[in-house]
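1. how does the following fold in three dimensions:
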Amino acid sequence: MIETIKRISGVNPRKCMKCGKCTASCPAYDEMEYHPHQFVDMVETGRIDELMHSKGIYLCLSCFACVERCPRSVEPAKLIEAVRLAVIRQQGGDHMTADQIPGKLDDALPQQAITSAFRKYRK
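-> Now for the predicted structure:
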């Protein structure tokens, strides 16, 4: 599972030097059970199941303050999003196939929304 998270996020958690700058800049710090630097460490050490069952992954605001503050470009927010996607994919498997897209198109719906949903809900 750790390789899947790394592949989805494009992040190498081993680059983290555990300085805590990401956590210090997190506006959701008080609400999350695992803070950004802990999250990165948990991915690095393979504790993905704990993260997948954590409500904290949904409390992340995706504001990318952690990404901006990281001196090593670790990007904790991308890891959090990757774990969220892993949870979604695990819950329902593949929800959408390419041949279903034409039926979902709507003139009022941005094409980016369909593309995003296809990427998110497809393994």
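2. center of this protein - which residue?
-> By C-alpha atoms, centre = their mean, the chain has its centre lying nearest to E81, at 1.1 Å.
3. thought that residue was touching V11?
-> No. The pair E81 / V11 is not scored as a contact, 9.9 Å apart, by C-beta atoms under 8 Å. All C-beta spots, glycine's among them, are computed from the backbone N, C-alpha and C.
4. I'd like to know which elements the longest helix seen in the chain is packed against.
-> The single longest helix within the chain, with elements called by DSSP state H, is helix 76-92. When contacts are defined as 3 or more C-beta pairs under 8 Å, 6 or more residues apart in numbering; DSSP states H and E, helix 76-92 sits against helix 2-9, helix 36-44, helix 48-52, helix 65-69.
5. which residues touch the longest one?
-> Right, helix 36-44. The contact list for helix 36-44 (C-beta atoms under 8 Å, 6 or more residues apart in numbering) reads 2, 5-6, 13-14, 16, 18-20, 22-23, 26, 34, 48, 50-51, 56, 66, 74, 76-77, 79-80, 83.
6. again, only this time at 7 Å
-> With contact meaning C-beta atoms under 7 Å, 6 or more residues apart in numbering, helix 36-44 is reached by 2, 5, 13-14, 16, 18, 20, 22-23, 26, 34, 50-51, 66, 74, 76, 79-80.
7. repeat that for the last one.
-> Contact partners of helix 65-69, identified using C-beta under 7 Å, 6+ apart, comprise K21, C22, S25, C26, P27, P36, E75, P76, A77.
8. what about the third one, how many neighbours?
-> So the one you mean is S25. Using other C-beta atoms under 10 Å, the number of residues around S25 comes to 17.
9. what's the pLDDT at it?
-> As predicted, S25 sits at a pLDDT of 93.
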